[in-house]
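1. Sequence below, structure please.
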Amino acid sequence: MNKVSYYLVIFIGALTCLSFLPHAFGGMKAVLEHIAKDEIQEPAANGMQMIWLYSSIMMLLSGIWMLFLAKPIKNGDAKARLQILLLGIGLSVFGVACTYISGKIDAMFLFTIQGIILLLASTIFFKRKNDE
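-> Residues are numbered from 1 along each chain as shown. Reported below is the predicted structural model:
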């Protein structure tokens, strides 16, 4: 049993699902305000809204997917491990890239931390079914 990995995946999955709410509603409001002030102009304005909507939906779906993978992780499933590993790599790379682009550690760095936690859940704390 992978109790530690299970709880780490549940934690990051729930956090990612909850992050959808401020991202989708507060973030989209901010995007619309920037468009209204002409800080984001056409044709980029429509694209920015679509990208923001897409990223909000994908954030929610990623969190839900992590929650679906938590029980197979607990049972030592290798396919679930690979998926959590890939999600961890993706979140880590995204967070580091955002930090590099902005030139400072800001809220986007939290994606790096989430990714590292998933990497730990799928490597150090993970035990295969037959390793117990």
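2. Tell me the first helix or strand C-terminal of the lowest-mean-pLDDT helix or strand in the chain.
-> Least confident element among the helices and strands of the chain, by mean pLDDT, DSSP states H and E: helix 28-36 (a mean of 92). Next along the chain after helix 28-36, taking DSSP states H and E as the criterion, comes helix 44-74.
3. I figured Ile35 hits Met48, correct?
-> Yes: at 7.2 Å, Ile35 and Met48 qualify as touching, with contact defined as CB atoms under 8 Å. From N, CA and C alone the C-beta is placed, and that goes for glycine too.
4. okay, now Leu119: neighbour count?
-> Using other CB atoms under 10 Å, Leu119 has 19 neighbouring residues.
5. One more: Ala70?
-> Ala70 sits with 24 neighbouring residues when counted by other CB under 10 Å.
6. any idea what sits nearest it, other than its immediate chain neighbours?
-> Computed as CB to CB, 6 or more residues apart in numbering, the closest residue to Ala70 that is not its neighbour in sequence is Val9, at 4.5 Å.
7. what does the helix or strand hosting the one you found rub up against?
-> Using DSSP H and E, Val9 sits within helix 3-21. The contact list for helix 3-21 (CB atoms under 8 Å, 6 or more residues apart in numbering) reads 56, 59-60, 62-67, 69-71, 73-74, 84, 114, 117-118, 120-122, 125-126.
8. Buried ones among those residues?
-> 56, 59-60, 62-63, 65-67, 69-70, 73-74, 84, 114, 117-118, 121-122, 125-126 (16 or more other CB atoms under 10 Å).
9. Tell me how far the nearest residue to Met1 once chain neighbours are set aside lies from Tyr6.
-> Leaving out its chain neighbours, the residue that sits closest to Met1 by CB to CB, 6+ apart is Lys74, at 6.1 Å. Distance from Lys74 to Tyr6, counting by CB to CB, to the nearest Å: 4 Å.
10. returning to that earlier point: quick check: the residue nearest to Met1 touching Arg81?
-> No: judged on CB under 8 Å, Lys74 makes no contact with Arg81 at a distance of 11.1 Å.
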